[in-house]
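Novice: below is the structure, and that's it, no one-letter string:
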């Protein structure tokens with residue numbers, strides 16, 4: 001298995017695979033309420049069977065080159081969050097990235113660093129031209145990540161997302177490969 005360093009704090013990005021379902025579910029349980037404030041990940045992972053099925057669905061996406069999922073581990077080898085390509089359409093050059101984090105890991109820059117790694121890979125290795133970030137308009141921390149990544153706000157889909165019985169506005173942010181490369185050179 002590979003691990004990619006996310007910086008001097010010892011955090012690592014690693015593939016998140018079905019055999020890790022127990023660890024993944026324990027992580028979701030630690031952050032269930034916090035993670036579920038804006039995303040349905042905890043709702044889709046209620047028990048070991050559903051967690052295994054969720055991770056298996058991403059293993060199948062990886063096998064068909066239509067998505068990927070990675071965990072973020074601390075230096076203490078604790079899974080605290082993750083990043084993913086919810087969708088990837090390599091022939092069209094489009095992907096949608098996303099993230100989640102448990103409360104103990106907030107404010108350390110882990111998501112921004114991890115998403116940079118996967119966007120670099122998507123653009124440079126897979127030829128992705130456009131990476132999107134779909135986010136609830138109420139999720140300010142995730143919007144801040146999009147800004148730090150140099151993404152542009154494309155627009156708002158008003159009341160487009162039904163979540164736990166309420167309609168939410170969804171913002172669409174994106175970065176194009178030439179913009180990504182220019183931003184990486186500037187930094």
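Specialist: Structure received. Computed from a predicted model, the values in this text were never measured in an experiment. Numbering: from 1, shown residues only.
Novice: run a quick neighbour tally on residue 24.
Specialist: When neighbours are defined as other Cβ atoms under 10 Å, residue 24 has 24 of them. C-beta here means a position set from N, CA and C on the backbone, and glycine is covered the same way.
Novice: am I right that it is in a strand?
Specialist: No - with DSSP: H, G, I helix; E, B strand; the rest coil as the criterion, residue 24 is located in helix rather than a strand.
Novice: ok, it - contacts?
Specialist: 16, 45, 51, 54-55, 71, 79 (Cβ atoms under 8 Å, 6 or more residues apart in numbering).
Novice: so who does residue 53 touch?
Specialist: Contact analysis of residue 53 by Cβ under 8 Å, 6+ apart lists nothing.
Novice: picking up where we left off before, most neighbours out of the contacts of residue 24, which is it?
Specialist: Ranked by neighbours (other Cβ under 10 Å), those are led by residue 16, which has 25 neighbours.
Novice: ok, and the closest non-adjacent residue to it?
Specialist: Nearest non-adjacent residue to residue 16, counting by Cβ to Cβ, 6 or more residues apart in numbering: residue 71, 4.1 Å away.
Novice: surely the one you found is in a helix?
Specialist: No - applying three-state DSSP, one finds residue 71 to be strand, outside a helix.
Novice: that one contacts residue 81, correct?
Specialist: Yes - contact criterion Cβ atoms under 8 Å: residue 71 and residue 81 qualify, at 7.4 Å.
Novice: what is in contact with those two at once?
Specialist: residue 27.
Novice: could I get the contacts of residue 24 as JSON lines with distance to residue 92?
Specialist: Shown next, in JSON lines, are the contacts of residue 24 (distance: Cβ to Cβ, whole Å):
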{"residue": "16", "distance to residue 92": "25"}
{"residue": "45", "distance to residue 92": "29"}
{"residue": "51", "distance to residue 92": "30"}
{"residue": "54", "distance to residue 92": "25"}
{"residue": "55", "distance to residue 92": "26"}
{"residue": "71", "distance to residue 92": "27"}
{"residue": "79", "distance to residue 92": "32"}
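Novice: can you put the residues you listed in a markdown table and add secondary structure and pLDDT?
Specialist: Below are the contacts of residue 24 laid out as a markdown table (DSSP: H, G, I helix; E, B strand; the rest coil; pLDDT from 0 to 100):
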| residue | secondary structure | pLDDT |
| --- | --- | --- |
| 16 | coil | 97 |
| 45 | coil | 96 |
| 51 | helix | 98 |
| 54 | helix | 97 |
| 55 | helix | 98 |
| 71 | strand | 98 |
| 79 | strand | 97 |
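Novice: show me the two of these that sit farthest apart.
Specialist: Taking Cβ to Cβ as the measure, the contacts of residue 24 span a maximum distance of 14.0 Å, between 54 and 79.
Novice: quick one: residue 56 is in a helix?
Specialist: Yes - using three-state DSSP, the secondary structure at residue 56 is a helix.
Novice: quick one, phi psi at the residue lying closest to it once chain neighbours are set aside?
Specialist: The shortest distance from residue 56 to any non-neighbouring residue, by Cβ to Cβ, 6+ apart, is to residue 18 (4.7 Å). Note on residue 18: its backbone torsions stand at phi -50, psi -30 [degrees, to the nearest 10].
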